[in-house]
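**Q** need coordinates for the below:
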Amino acid sequence: MLIGDVARQAGVSRDTVRLYTRLGLVPCQSRQAGSRLYADYDESAVALIEGIKTAQSIGFTLAELGPIAAAYIAGSLDDRQQRKLLAAKLDQIDDKRRQLDQLSESLHAKLDDQGPAQGRA
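**A** Residues are numbered from 1 along each chain as shown. This is a model prediction of the structure:
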């Protein structure tokens, strides 16, 4: 499958497919057609890209997804490992939430200490 077909079916741009390929998240094979070299993607590339988009939407970075995608492609990412990865991401999110709550409380206290704003520009 050519890059345009993959991008269209996955609902992403060709540049996104190229980025994921360059990062090793989506494998492809090179195919010679006349004097041109094309990237040829397996049918599973669409599902893989959709999985990457889902993982990003719940907080995974592309850097974090590198080893995960490699394990998925190799067929060695079982349910236990997936749960472990999700639990670790949830811990990171909870830690970040606590940090943001502390920052918010600190800023509110600082604003309360300064009293009401009076004609500041």
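
**Q** make it CA atoms for all contacts and neighbour counts henceforth
**A** Noted.

**Q** residue contacts, the closest residue in space to Leu37 that isn't next to it in sequence?
**A** Excluding its sequence neighbours, the residue lying closest to Leu37 (CA to CA, 6 or more residues apart in numbering) is Arg31, at 5.6 Å. Taking CA atoms under 8 Å, 6 or more residues apart in numbering, we find Arg31 in contact with Leu37, Tyr38, Ala39, Asp40.

**Q** for the helix-or-strand element of the chain with minimal mean pLDDT, packing partners?
**A** The helix or strand of the chain with the lowest confidence, counting by mean pLDDT, DSSP states H and E, is helix 62-74 at a mean of 85. When contacts are defined as 3 or more CA pairs under 8 Å, 6 or more residues apart in numbering; DSSP states H and E, helix 62-74 sits against helix 44-57.

**Q** could you check the angle helix 62-74 makes with the helix it packs on?
**A** For helix 44-57 against helix 62-74, the angle by axes from the mean of the first three to the mean of the last three CA atoms, to 10 degrees is 140 degrees.

**Q** re earlier: which among the contacts of Arg31 gets closest to Ser13?
**A** Ala39 (14.9 Å; CA to CA).

**Q** low-confidence ranges in the chain?
**A** 117-121 (pLDDT under 70).

**Q** buried set for the very next helix or strand once past the least confident helix or strand of the chain?
**A** Once the chain leaves helix 62-74, the next helix or strand it forms, by DSSP states H and E, is helix 79-114. Buried positions in helix 79-114, judged by neighbour count with 16 or more other CA atoms under 10 Å: Lys89.

**Q** what angle do helix 79-114 and helix 62-74 make?
**A** 170 degrees.

**Q** buried residues in the strand or helix carrying the residue nearest to Leu37?
**A** Element membership of Arg31 [criterion: DSSP H and E] is strand 29-33. Within strand 29-33, no residue is scored as buried using 16+ other CA under 10 Å.
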